[in-house]
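*Asks:* What follows is a predicted structure for the sequence shown.
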Amino acid sequence: MLQNMSSIDRLIRIVIAVVLVWLNMAGVISGIIGIIAWIVAVIFVVTSAIGYCPLYHLLRISTKK
């Protein structure tokens, strides 16, 4: 699979995922918003791990040089 995410993009996604999980664990966000935050965090971690974003592919975007 071709990668379409730069290292900076991947790092930013990991940081956002950590913040979302922390906000949820701290009780700042809860309920349906908390569930959505967990889902987004998991998606960000997975896409960062493999370096490929399906949405970028659909929009023909690549942050990798």
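*Replies:* Sure thing, it's come through. Given the structure is predicted, the values throughout are model-derived calculations rather than measurements.
*Asks:* Residue nearest the middle of the protein, spatially speaking?
*Replies:* Centroid check for the chain by Cα atoms, centre = their mean gives residue 44 as the closest residue, at 1.8 Å.
*Asks:* host element of that one?
*Replies:* helix 31-50 (DSSP states H and E).
*Asks:* if we look at the very next helix or strand once past that helix, which residues are touching it?
*Replies:* Next helix or strand after helix 31-50 toward the C-terminus (DSSP H and E): helix 54-58. By Cβ atoms under 8 Å, 6 or more residues apart in numbering, the surrounding residues in contact with helix 54-58 are 4-5, 47, 62-63. (Each C-beta comes from the backbone N, C-alpha and C, glycine too.)
*Asks:* Can you tell me which of these is nearest residue 16?
*Replies:* residue 47 (11.2 Å; Cβ to Cβ).
*Asks:* Can you get me a residue count around that closest one?
*Replies:* Here the number of neighbours of residue 47 (other Cβ atoms under 10 Å) works out to 20.
*Asks:* Next up, the contacts around it.
*Replies:* 5, 13, 53-54.
*Asks:* Equivalent analysis for residue 37, please.
*Replies:* Residue 37 is in contact with 20-21, 23-24, 29, counting by Cβ under 8 Å, 6+ apart.
*Asks:* Just the pLDDT for the residue lying closest to it once chain neighbours are set aside.
*Replies:* Once flanking residues are discounted, residue 37 sits nearest to residue 20: 4.3 Å by Cβ to Cβ, 6 or more residues apart in numbering. Note for residue 20: predicted pLDDT of 97.
*Asks:* ok, now residue 65?
*Replies:* 83.
*Asks:* Ok, residue 23 next?
*Replies:* 97.
*Asks:* residue contacts, the closest residue in space to it that isn't next to it in sequence?
*Replies:* For residue 23, ignoring the flanking residues on the chain, the nearest one in space by Cβ to Cβ, 6+ apart is residue 29 at 5.0 Å. The contact partners of residue 29, by Cβ under 8 Å, 6+ apart, come to 20, 23, 37.
*Asks:* Can you tell me which of the residues you listed is nearest residue 9?
*Replies:* Nearest to residue 9 among the contacts of residue 29, with distances taken as Cβ to Cβ, is residue 20, at 16.6 Å.
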